[in-house]
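**Q** structure of the sequence below:
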Amino acid sequence: MRTGDNFWAALHGTITMVNAIQNSRESKPSIPTAQQNFKEVLSCKNSKDENINTFVDFINSKNLKNFVKKLISDMYEFDFINATSVDYGITGVVAQEKYKLLSKIDLLEHSFGVLNQISKIIGRTYGLHSDYFYLAALTHDFGKSTNLLKSYEIDSSLKHHEASAEYLRRLARIHPELTSHSRELLEVVIEVIDAHHSPELEKHFYGVKSNEDNKELHLIMIDKLKQADKLQRESETEKLQ
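**A** You can find the predicted model right below:
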């Protein structure tokens with residue numbers, strides 16, 4: 001069996017086991033969950049160095065350590081705290097009033113918040129693969145930073161989710177320490193980010209026939225990302241009202 005086959009077989013086994021555990025919990029008394037044991041991962045109250053050190057310690061995949069350092073550094077270097085977390089082009093007229101309110105939430109706070117939400121939802125449910133859920137949550141809106149787009153020479157006419165995906169592609173190219181498996185999983189993250197505001201791309205995941213494990217990971221990750229993003233927006237709305 002090839003190394004890639006071993007990887008996907010292991011992933012399929014992990015997901016199957018998780019589904020079995022979740023199904024069994026439905027008929028048993030409540031036990032501690034990821035949400036009950038939740039501790040905030042990143043915070044705007046912390047310094048840049050504190051958040052970098054915290055996230056590096058939080059990530060279990062050793063070859064991702066330098067990669068995530070760069071992610072957090074870029075958030076501060078490109079002034080996410082003064083960038084809006086809202087993209088009016090995505091929402092349409094009906095939601096304009098809601099998003100005028102949410103425009104008071106900066107991109108740093110929103111990105112940290114979605115990461116914290118997905119951590120609360122999944123904990124370490126997916127083992128080492130959980131790290132890639134965290135990367136998707138943290139970086140899904142990076143394309144809203146005009147400073148970042150200029151520095152990485154990313155086409156500003158791209159939709160923000162497309163720009164976020166392109167940022168990750170470019171960052172991966174300058175990190176030779178990433179293993180082939182990490183790059184394969186990062187490509188899943190990139191595709192999920194690219195699709196989270198694109199119904200047509202999301203439908204593509206449901207039609208994937210060539211690799212059922214790959215398809216399953218896409219579907220789970222995009223579901224958890226959307227759930228975390230929705231919960232964070234609800235939390236932000238409640239905070240502002």
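**Q** just give me the neighbour total for Lys114.
**A** No Lys there; residue 114 is Val. 26 (other Cβ atoms under 10 Å). For the C-beta atoms, the positions are set from N, CA and C on the backbone; glycine is no exception.
**Q** who are the packing partners of the helix or strand it falls within?
**A** Element membership of Val114, judged by DSSP states H and E, is helix 107-122. Here helix 107-122 touches helix 65-77, helix 130-139, helix 212-240, going by 3 or more Cβ pairs under 8 Å, 6 or more residues apart in numbering; DSSP states H and E.
**Q** His110: which of those helices is closest?
**A** Shortest distance between His110 and the helices and strands packed on helix 107-122, using Cβ to Cβ, is found for helix 212-240: 6.5 Å.
**Q** mind checking the pLDDT average for the closest one?
**A** Averaged across helix 212-240, pLDDT comes to 88.
**Q** need the winner for burial among the helices and strands packed on helix 107-122.
**A** Looking across those with neighbours counted as mean count of other Cβ atoms under 10 Å, the highest average goes to helix 130-139: a mean of 24.
**Q** so what does it touch, helix or strand wise?
**A** By 3+ Cβ pairs under 8 Å, 6+ apart, helix 130-139 packs against helix 65-77, helix 107-122, helix 160-173, helix 180-195, helix 212-240.
**Q** right, and the ones you listed - which one's nearest Cys44?
**A** That would be helix 107-122 among the helices and strands packed on helix 130-139, by Cβ to Cβ, at 5.3 Å.
**Q** distance from the chain centre to that closest one, please.
**A** Remark: helix 107-122 is offset 8 Å from the chain centroid, using Cα atoms, centre = their mean, to the nearest Å.
**Q** what do you get for stretch 169-180?
**A** The mean C-alpha position of stretch 169-180 is separated from the chain mean by 17 Å, Cα atoms, centre = their mean.
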